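Asks: What follows is a predicted protein model with its sequence.
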Amino acid sequence: QKLDLGENNFEGSLPTTLGLLTKLEHFEVGTNFITNTIPTQFGNLIKLTKLDLSLTEMTGPLPASVGNMNSLEHLDLGGWDTEFTGEIPTSMGNLSNLLTLRLGYNQFQGNIPAQLGSLTALISLDLKQNILDGSLPTSLGLLSNLEYFSIYSNIISGTIPSQIWSGVPNLQKLDLGENNFEGSLPTTLGLLTKLEHFEVGTNFITNTIPTQFGNLIKLTKLDLSLTEMTGPLPASVGNMNSLEHLDLGGWDTEFTGEIPTSMGNLSNLLTLRLGYNQFQGNIPAQLGSLTALISLDLKQNILDGSLPTSLGLLSNLEYFSIYSNIISGTIPSQIWS
């Protein structure tokens with residue numbers, strides 16, 4: 001019923017005779033030098049609840065028979081050395097008991113199957129660092145129990161569908177970074193009131209930050225860097241008072257307007273990166289309230305006026321840059337003590 005061969009030095013292929021173990025519930029062989037593909041005969045393991053082939057050197061496409069293992073709760077095929085290829089089988093939509101699906105760090109390609117929307121028990125869906133393309137299927141909005149979703153570093157394109165986010169109210173981590181998304185951020189992302197971590201940097205996202213992002217009061221990390229976003233920041237950004245890391249920097253971002261004084265409410269902020277934008281006006285004195293701040297990057301904007309002496313309250317500050325702005329006046333002596 002349980003077979004654990006993990007973290008050894010096994011090599012070669014998985015024997016097809018493992019498919020005879022029809023009472024097997026738990027099979028781990030991760031962290032070995034296993035090569036080649038998953039045997040088709042694994043489809044006979046209909047009582048299997050956990051299959052871990054992570055951190056092996058396995059390759060090739062997944063057999064469609066993986067969809068027969070409908071007792072599976074945890075499927076882990078991820079890892080730096082695994083190189084599974086081909087499309088994600090649509091038959092995976094049959095795995096109705098699946099809680100965690102980890103396919104990251106492979107060479108999967110093609111579309112994300114719409115059939116994954118049938119996995120309504122799913123809590124964690126990790127597809128990062130593959131070669132997946134096409135658009136994000138709206139059927140993912142049926143995954144009402146989902147807490148973690150990453151497609152970081154693929155080539156997913158099109159707009160970010162607005163329909164998905166009202167259906168995944170339990171989402172805590174969402175990583176859409178390093179893809180080819182374009183268009184605006186949907187306002188429905190503001191419905192994700194349990195969200196703690198959101199990354200969408202290194203995409204072709206345009207337009208402004210939706211005002212509704214002010215509802216994300218549990219968010220600790222927001223990364224919109226290296227996008228093509230523009231416009232002023234909404235004052236509601238100051239409502240996200242759990243934020244620890246806010247990154248809006250990058251060569252193509254062109255946020256404009258003044259830095260909102262409401263940013264002074266972000267009392268948990270550790271890093272604030274607003275460099276390489278078009279922010280103008282004074283540096284708000286209210287930034288002196290961010291006493292947890294370690295890094296403050298305002299370089300390459302159009303900020304003017306004098307340096308506020310309130311920055312002297314940032315006793316934890318380790319990095320501060322206002323390189324290439326038009327700050328004037330004297331350098332205040334009060335800050336540095």
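Replies: The structure has been received and is ready for your questions. All values reported here derive from a predicted model rather than from experimental measurement.
Asks: Measure how buried K221 is and give me the count.
Replies: By the criterion of other Cβ atoms under 10 Å, K221 has 19 neighbours. In short, each C-beta sits where N, CA and C put it, glycine included.
Asks: That one and Q129, how far apart?
Replies: 19 Å (Cβ to Cβ, to the nearest Å).
Asks: cool, L5 as well?
Replies: Separation of L5 from Q129 (Cβ to Cβ): 26 Å.
Asks: And for F10?
Replies: Distance, F10 to Q129, using Cβ to Cβ: 25 Å.
Asks: repeat for G43
Replies: G43 sits 27 Å away from Q129, going by Cβ to Cβ.
Asks: Between those two, which has more neighbouring residues?
Replies: Neighbours were counted for G43 and for Q129 using other Cβ under 10 Å; Q129 has more, 20 against 17.
Asks: Surely that one and S153 touch.
Replies: Yes - with contacts counted by Cβ atoms under 8 Å, Q129 reaches S153, the gap being 4.5 Å.
Asks: tell me, what residue is most central in the chain?
Replies: By Cα atoms, centre = their mean, the chain has its centre lying nearest to D175, at 1.4 Å.
Asks: what's near enough to touch that residue?
Replies: D175 sits next to 128, 149-152, 197-199 when contact means Cβ atoms under 8 Å, 6 or more residues apart in numbering.
Asks: cool, T202 as well?
Replies: 177-179, 225-227.
Asks: before we move on, what about L216?
Replies: 189-190, 192-193, 195, 198, 222, 240.
Asks: who are the neighbours in contact with N301?
Replies: Counted by Cβ under 8 Å, 6+ apart, N301 has contacts 274-280, 324-325.
Asks: one more time with 7 Å
Replies: By Cβ atoms under 7 Å, 6 or more residues apart in numbering, the contact list for N301 reads 274, 277-279, 325.
Asks: Can I have the buried ones of these as a PyMOL selection?
Replies: Typed into PyMOL, the line below selects the buried ones among these, using 16 or more other Cβ atoms under 10 Å:
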select buried, resi 274+277+279+325
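Asks: Can I get the contacts of N301 in JSON lines including pLDDT, secondary structure and distance to F108?
Replies: Below are the contacts of N301 laid out as JSON lines (pLDDT from 0 to 100; DSSP: H, G, I helix; E, B strand; the rest coil; distance: Cβ to Cβ, whole Å):
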{"residue": "L274", "pLDDT": "98", "secondary structure": "coil", "distance to F108": "36"}
{"residue": "N277", "pLDDT": "97", "secondary structure": "coil", "distance to F108": "35"}
{"residue": "Q278", "pLDDT": "97", "secondary structure": "coil", "distance to F108": "39"}
{"residue": "F279", "pLDDT": "97", "secondary structure": "coil", "distance to F108": "40"}
{"residue": "N325", "pLDDT": "98", "secondary structure": "coil", "distance to F108": "45"}
